[in-house]
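>>> turn this into a model:
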Amino acid sequence: MNILIIGDIFGECGLNYASLVMREIKQDNSIDLCIANAENVSGGNGMSFADYNTLCDIGIDGFTMGNHTFGRKDIIKIFENESNVIRPLNYPAGTPGCGSMILHSKGKKVGIINIMGRVNLLNIDCPFRAAEAEIERLREKTDFILVDFHAEATSEKIAMGYYLDGKAACVYGTHTHVQTADETILPKGTAYITDIGMTGAIHSVLGVSKDIIIERFLTSLPQKFEHANGKAKLCGIILTIDESTNKCTAIKRLRHT
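Here you go, the predicted structure:
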């Protein structure tokens, strides 16, 4: 079983490029299930209903979010009406949305957990304890579990990988938009990568117009962020799951330009 996981789709450029290449990528890699982080898809901040529908139409089966989850008011209605979009599990109790979901592919029940780090992000509940408790809750309902850890600090992400080693099939990082080259299978069998990267403009600063960010660094003055356009890339990973053991046997970086 092959699972494609797409890194943060950023703005119109990322959406358009994903729409252009998804069919090719899925066919070339015999993809059975596709998941994407979509917290930046609508102008770099949140996800609109229109963009959600577009992403579903191009063949993405499920969506995780992050610190920009509530950047668009549409997300509340999406949470109310759709079951394939989740936000970080460790938001406070009572926050709209769910932190996990179960997707179905090739007769398998695939648990997806979205969790968010606390280093340089929001002061929310402990991601380590929240993730572990949710894995225990989903264990009897699923064949295997994947964890999107949306976090800033590489140390926090690596620590989470080892903390969940042997408990999840894969722990992968999102949020920093730069694909890392440390994909591996950890000692107890969990596939891990610190960040799967971004889908959007190549000549940008994390998806934002480079001139705007340079000006901000030069002047320290506030700038209105605008998503970049031009030549694009799609970054992510492809997981190979052994259907007899439900273990991840391979994790491969993907960078399509």
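>>> from here on, contacts and neighbour counts on C-alpha atoms
OK.
>>> now Ile5. Nearest residue, chain neighbours left out?
Once flanking residues are discounted, Ile5 sits nearest to Ile35: 4.8 Å by C-alpha to C-alpha, 6 or more residues apart in numbering.
>>> repeat that for Phe128.
Ranked by C-alpha to C-alpha, 6+ apart and with sequence neighbours excluded, the top spatial neighbour of Phe128 is Met160, at 6.7 Å.
>>> run through the residues that contact Cys248.
Cys248 sits next to 169-170, 189-191, 239-242 when contact means C-alpha atoms under 8 Å, 6 or more residues apart in numbering.
>>> again, only using 6 Å
169, 240-241 (C-alpha atoms under 6 Å, 6 or more residues apart in numbering).
>>> which one of the residues you listed is nearest to Ala250?
Set against Ala250, the nearest of these by C-alpha to C-alpha is Thr240 (5.1 Å).
>>> double-check that the closest one belongs to a helix.
No - applying DSSP: H, G, I helix; E, B strand; the rest coil, one finds Thr240 to be strand, outside a helix.
>>> any idea what it is bridged to?
On the basis of DSSP bridges, Thr240 is bridged to Asn2, Ala250.
>>> how much space between it and Ser42?
30 Å (C-alpha to C-alpha, to the nearest Å).
>>> in terms of helix, strand or coil, where does the residue nearest to Phe128 fall?
Once three-state DSSP is applied, Met160 turns out helix.
>>> ranking by neighbours, what's the top pick from the contacts of Cys248?
Among the contacts of Cys248, the one with the most neighbours (other C-alpha atoms under 10 Å) is Ala169, at 26 neighbours.
>>> Three-state assignment for Asn123, please.
Quick answer, by three-state DSSP: Asn123 is coil.
>>> nope, Ile25 is what I was after
With three-state DSSP as the basis, Ile25 sits in helix.
>>> count the neighbours of Thr69 for me.
The tally of other residues near Thr69 (other C-alpha under 10 Å) stands at 21.
>>> which residues touch it?
Neighbouring residues of Thr69 by C-alpha under 6 Å, 6+ apart: 39, 46.
>>> from Arg118, how far off is it?
Thr69 sits at a distance of 15 Å from Arg118 (criterion: C-alpha to C-alpha).
>>> do the same with Ile76
In terms of C-alpha to C-alpha, Ile76 sits 23 Å off from Arg118.
>>> the more surrounded of those two?
Between Ile76 and Arg118, counted using other C-alpha under 10 Å, the more crowded position is Arg118 (17 against 14).
>>> could you confirm the more buried one falls within a helix?
No - checked against three-state DSSP, Arg118 lies outside a helix; its state is coil.
>>> roughly how far does it sit from Ala159?
Distance, Arg118 to Ala159, by C-alpha to C-alpha: 13 Å.
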